[in-house]
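[1] task: produce atomic coordinates for the following.
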Amino acid sequence: MRRQLPPWAMGLAIAPLGFYYGFISAAMPILLSAHNVSVEDISRVSFIAFSPTYWAFLLCPVLDVRFSKRTYAVLFAAIAAICLAVSTLITMNLTAFTAVLTLGCTSAVLFGNAHQGWMPDVISDHHYSQVGATTNIANLGAAGLFTTIAIVLVRNLPPISAAVLLALTIAAPTILLFFIPLPAKPTRGAVDTFRTFFRDLRRVVGRPGCIIGLICFLSPTACFALTNLFSALGADFHTPENLVTAISGMGVAVACSVGCLSGIWFTDRFLRRNVYLLTGFGGAAAALLLTRLPHTFVFFASGVVLYAFFQGVNYTAFSSLCFEIVGPGNPLASTQMALLSAAANVPITYMTRVDGHFHTLYGVTGMLLVDAICSIVVGTLLLVLLNRRRSRRKPTEPELARPAVS
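    Residues are numbered from 1 along each chain as shown. Now for the predicted structure:
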């Protein structure tokens, strides 16, 4: 009998996704800067390369037809690895570089959703939080680790050798997939699945659990958009660039990972939906604290680390809530998981723009205040409405036995 990974280790198999995201978000700007590519062009490449995180869910029905999710996960991880390797060889051609990097990100997203859509079929409800925590820790750790690996290899090895080693590094964690129980093989064909995609999507979205999840994920309450802006606040807090980089990089990764592990305790004992929303209040408290403290490195670091801790708890709540919404035996598991993830990315985009606009108008205090106020006001409203709705329903046996979505 093939040895099987414990549930917590199954989440670590998503590391290739973290590797790819880490390359785009951190290593890619460094590599392009070395070729004198402007910041504006780098931001454009980053925007295009990351765009599959919003629209790739439209391709995810392919993950629910014919072959097992293990097959799809290995295939798309391999494509992502090849694309990243090729991209490092064509940095001088920015158009081709962007196209290849975007194709690779699309494959990485499909890999991630194959993995996530697979999990509810092979883990029990009481392991959702464990897998959710280690999934996010793997993403964070892999992103930070791969950034360092990519820069070291590209700077110190011949181009072809560096590209091959980077591809092998991305593909290596897929070995873990062969020690996870094989999910049920889909029985529907591709033509049938895509033909009925929008009808099935309406049916899936119409389920109460999915509606509630989408409402929570689309709200600004727990999107933690300030994480994308902290690294730009060095001047506001009189902190040198090297210290800002250290806190925004490894400091946030460590604090977020600790939060992910702590999130297991919370999501195993309370409604996952409530934990998800309440972490937004924790992030708001950290933001408000930064408005009242002296603008020095020590207080800046303390506020950022506290914010990142609540973000980690939020990540575990998000993943375990998604597993709960999708549930086992769902014929559209990967598609639904991709839709929920895409919804969670929407408020990050609009709140980042709102926060940045308020920083321009009212400085760092105005930015922190508007982010915190949006989280608290919308979060309070959602908690009152959703919990009032639940109190009017008669609990079913499953709801009494475990944390429920609604």
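
[2] just checking, Leu233 touches Ile247?
    No. Assessed by Cβ atoms under 8 Å, Leu233 is found out of contact with Ile247, at 10.2 Å. Just so you know, the C-beta spots here come from the backbone N, C-alpha and C atoms, and that holds for glycine as well.

[3] now the common contact residues for these two.
    With contacts defined as Cβ atoms under 8 Å, 6 or more residues apart in numbering, the residues shared by Leu233 and Ile247 are Phe300.

[4] who has more neighbours, these two?
    Under the criterion of other Cβ atoms under 10 Å, the comparison of Leu233 against Ile247 puts Ile247 first, with 24 against 21.

[5] nearest spatial neighbour of the more buried one, chain-adjacent residues omitted?
    Ala301 (4.9 Å; Cβ to Cβ, 6 or more residues apart in numbering).

[6] which helix or strand contains the one you found?
    helix 297-326 (DSSP states H and E).

[7] next structured bit after that helix?
    Later in the chain than helix 297-326, the nearest helix or strand by DSSP H and E is helix 333-391.

[8] what's that following helix packed up against?
    Contacting helix 333-391 under the criterion 3 or more Cβ pairs under 8 Å, 6 or more residues apart in numbering; DSSP states H and E are the following elements: helix 52-55, helix 94-122, helix 197-205, helix 208-218, helix 272-292, helix 297-326.

[9] format those as CSV; extra columns: distance to Ala150.
    Putting the helices and strands packed on helix 333-391 into CSV (distance: least, Cβ to Cβ, whole Å) gives the following:
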stretch, distance to Ala150
helix 52-55, 20
helix 94-122, 12
helix 197-205, 36
helix 208-218, 31
helix 272-292, 30
helix 297-326, 23
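
[10] to Pro181, which of the ones you listed lies closest?
    Comparing these by their distance to Pro181 (Cβ to Cβ), the top pick is helix 94-122, with 4.5 Å.

[11] pull out the buried residues from the closest one.
    94, 97-122 (16 or more other Cβ atoms under 10 Å).

[12] same thing with stretch 216-224?
    Using 16+ other Cβ under 10 Å, the residues of stretch 216-224 that count as buried are Cys216, Phe217, Ser219, Pro220, Thr221, Ala222, Cys223, Phe224.

[13] hmm, who's touching that stretch?
    With contacts defined as Cβ under 8 Å, 6+ apart, stretch 216-224 is touched by 273, 276-277, 279-281, 283, 307, 310-311, 314, 318, 321, 340, 343-344, 346-348, 350-351, 374-375, 378-379, 382.

[14] quick one: end-to-end distance for stretch 151-165.
    Between the opening and closing residues of stretch 151-165 we find a distance of 12 Å, counting by Cα to Cα, to the nearest Å.

[15] now that stretch: average pLDDT?
    Predicted confidence along stretch 151-165 averages 91 (mean pLDDT).

[16] ok so, going back, find me the pLDDT at the residue nearest to Ile247, would you?
    In this prediction, Ala301 carries a pLDDT score of 91.

[17] same check on Arg402?
    Value listed for Arg402 in the pLDDT field: 42.

[18] same check on Arg393?
    61.

[19] how about Ala99?
    In this prediction, Ala99 carries a pLDDT score of 95.

[20] can you tell me how far it sits from Phe57?
    Counting by Cβ to Cβ, to the nearest Å, the gap between Ala99 and Phe57 amounts to 21 Å.

[21] and if you look at Leu63?
    Distance of Leu63 to Phe57, given as Cβ to Cβ: 10 Å.

[22] tell me, what's touching the two both at once?
    Taking Cβ under 8 Å, 6+ apart as the contact definition, Leu63 and Phe57 share the neighbouring residues Asn113, Thr335.

[23] out of the two, which sits in the busier spot?
    A direct count of neighbours by other Cβ under 10 Å for Leu63 and Phe57 places Leu63 higher, at 30 against 23.

[24] just checking, Ser319 touches Ile137?
    No. Taking Cβ under 8 Å as the definition, Ser319 is not a contact partner of Ile137, at 10.7 Å.

[25] of these two, who's got more company?
    A count of neighbours by other Cβ under 10 Å puts Ser319 above the other of Ser319 and Ile137, at 31 against 26.

[26] tell me the pLDDT at Gln116?
    Gln116 is assigned a pLDDT of 82 by the prediction.

[27] nearest residue to it in space, please, no chain neighbours.
    Among residues not flanking Gln116 along the chain, Met337 sits closest, at 4.5 Å (Cβ to Cβ, 6+ apart).

[28] same question for Ala27.
    Ala150 (4.0 Å).

[29] nice, that's everything, thank you.
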